[in-house]
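Asker: got a structure for you, letters missing:
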C-alpha cells in the first residue's frame with residue numbers, strides 16, 4: 001500500500017491523528033487536513049503532508065482535493081473524521097449553530113465523499129471511505145441536538161453511498177465511537193461524579209482510546225474488510241447493548 005494515499009480530515013489531534021497514525025503503519029502515504037494550523041506539525045510526525053481546510057466550506061474542500069491530487073496523488077482511502085458539537089439548550093438553540101454543525105459534520109462528509117469517489121471512479125481505484133459517526137446516531141444527548149442529527153445523517157449517508165459505489169468497487173463504512181479519551185472527554189474525566197455516570201452505562205468499565213478507533217478505521221480501510229460495506233461499527237465498550245443496570 002506504499003503508493004496509496006489516505007486522507008484523514010480533522011487529523012491534527014485526537015481520533016483523527018490516531019486514524020492517520022494507524023493508516024501510516026499499514027503502509028499508506030498519509031495526508032492530514034484540519035482547520036487548525038497544527039495539522040502541519042502532526043503530519044510531519046507521521047511523515048505525511050498537512051493541509052488546512054474547513055470541512056464546512058465546499059470551496060476549501062475542492063481546493064484541498066485539487067492540491068492533494070497534484071502533490072501526493074489520488075486519494076485511495078478517505079476518512080471523514082472532522083466534526084464539531086456546539087452544545088446548547090434545545091429551546092434556545094440557534095438555527096445558525098444548527099446549520100454550522102451540519103455543514104461540517106454532514107454536508108462536508110457528503111461533499112468529500114462525492115469528490116473522492118468521482119476521482120476513484122475516473123481512475124479505476126477500488127478505494128475505501130470511512131465516515132466518523134457516533135453512538136449518538138442511535139441514542140441522543142439533549143444538549144447536542146445538531147450533533148445527534150448530523151451523526152444519524154452520517155449513518156444513513158454511509159449506507160446510500162455504499163450502495164451507489166459498490167458497482168465501482170468502492171467500499172463505504174462508518175465507525176461510531178462511544179466515550180473516548182480525547183479533549184472532548186477531558187471535562188468528564190476530571191469530574192469523578194461525571195465519570196462514574198459514564199462508566200455506569202459502559203459495560204467494559206472504562207473509556208476507549210483514540211487508537212482503538214484508529215485501529216477500527218484502519219481495518220475498514222484495508223483488504224481485511226474487503227466484503228464489508230454500508231456498515232457502522234460501534235466501538236463503545238458495549239454501551240449501545242446496555243438496557244439497564246440493577
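Answerer: Thanks, I have it. What you are looking at is a predicted structure, and each value in this text was computed from that prediction instead of being measured.

Asker: wait, what's in contact with the residue nearest to residue 48 when sequence neighbours are not counted?
Answerer: Counting by C-beta to C-beta, 6 or more residues apart in numbering, the nearest residue to residue 48 once its immediate chain neighbours are dropped is residue 30, at 3.8 Å. From N, CA and C alone the C-beta is placed, and that goes for glycine too. Residue 30 makes contact with 5, 6, 7, 8, 20, 23, 24, 43, 46, 47, 48, 49, according to C-beta atoms under 8 Å, 6 or more residues apart in numbering.

Asker: please apply the same query to residue 180.
Answerer: Residue 180 touches 15, 207, 208, 209, 210, 212, 213, counting by C-beta under 8 Å, 6+ apart.

Asker: circling back to that earlier point, how close does the residue nearest to residue 48 sit to residue 88?
Answerer: 35 Å (C-beta to C-beta, to the nearest Å).

Asker: what do you get for residue 243?
Answerer: 29 Å.

Asker: over to residue 236?
Answerer: Taking C-beta to C-beta, one finds residue 236 at 24 Å from residue 88.

Asker: those two: who's more crowded?
Answerer: Remark: of residue 236 and residue 88, residue 236 carries more neighbours, 23 against 15, as counted by other C-beta atoms under 10 Å.

Asker: now for residue 25, how many residues are close by?
Answerer: Around residue 25 there are 13 residues (other C-beta under 10 Å).

Asker: for the nearest residue to it once chain neighbours are set aside, grab phi and psi.
Answerer: Spatial nearest neighbour of residue 25, excluding adjacent residues (C-beta to C-beta, 6+ apart): residue 218 at 7.6 Å. As for residue 218, its main-chain torsions (degrees, to the nearest 10) stand at phi -60, psi -40.
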